[in-house]
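Undergrad: Fold the stuff below for me.
(one chain, ligands or ions: 2)
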Amino acid sequence: MRRAVFIDRDGTINVNVEYLDNPEEFEMYPGVAEGIKLLNTRGFFVVVATNQSGIERGYYTQEIVEAIHARMKKELWEKAKAWVDAIYYCPHAPETGCECRKPKPGLLQKAIREHDIIPRISFMVGDRPLDVEAGEQVGAITVLVPEKGKEESVARELKESWAVPDYITDSFYDACLWILSQG
Ligand SMILES: [Mg+2]
Ligand SMILES: [Zn+2]
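TA: Ligands and ions are numbered 1, 2, ... in the order given. This next block holds a predicted model:
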């Protein structure tokens, strides 16, 4: 049985580019590799959970998403010898009404099933209230790290959401320190 940290990708790990379709444009935020390394060292199972509706919309292929993830893993390793243990993505457009597009908890539920994760002692970190909603629905502890430059719109979204993050911070690295401090 494992303790996990679920992490959103766009706007949390990397600068959010709408429909990112080029690994060259993947830009990781400072402190992310170092923060994930802390989680690795403490024995957390690290899971990236990301909405990639651009696949079903036909803006980019699954292969492109895999290439971006390969680039992300390479950079994590090169910067801090950090790694992610699993990556789950939703390829669907919102109209499809799937069960995996966040704020639905399907991606997290799948990870929990496939990797024997105990949700109540696991964490969800994301830049949007929809990430917090997904995390709360599986019973995880939630951390909101609003996207840089989008703090005001995230604050508005949070008011309209039922989500109540357990912790809010402006830095991913600080989010990881907080997770480690939770015992
Ligand atoms: Mg995001
Ligand atoms: Zn989906």
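
Undergrad: This protein against ligand 1: which residues are in contact?
TA: 8, 10, 11, 127 (C-beta under 5 Å from the ion). Every C-beta, even on glycine, is put in place using the N, C-alpha and C of the backbone.

Undergrad: Columns neighbour count, secondary structure and pLDDT on top of those residues, output as CSV?
TA: Formatted as CSV, those follow (neighbours: other C-beta atoms under 10 Å; DSSP: H, G, I helix; E, B strand; the rest coil; pLDDT from 0 to 100):
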residue, neighbour count, secondary structure, pLDDT
8, 25, coil, 98
10, 21, strand, 98
11, 22, coil, 98
127, 24, coil, 98
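
Undergrad: Which of those sits closest to residue 68?
TA: Using C-beta to C-beta, residue 10 comes nearest to residue 68 of the residues of the chain next to ligand 1, at 9.9 Å.

Undergrad: which residues touch that closest one?
TA: Contact analysis of residue 10 by C-beta atoms under 8 Å, 6 or more residues apart in numbering lists 16, 17, 20, 50, 127.

Undergrad: how about the second one, what does it touch?
TA: With contacts defined as C-beta under 8 Å, 6+ apart, the neighbours of residue 17 are 10, 25, 27.

Undergrad: cool, and the fourth one?
TA: With contacts defined as C-beta under 8 Å, 6+ apart, residue 50 is in contact with 8, 9, 10, 87, 88, 89, 90, 107.

Undergrad: and with 6 Å instead?
TA: 9, 89 (C-beta atoms under 6 Å, 6 or more residues apart in numbering).
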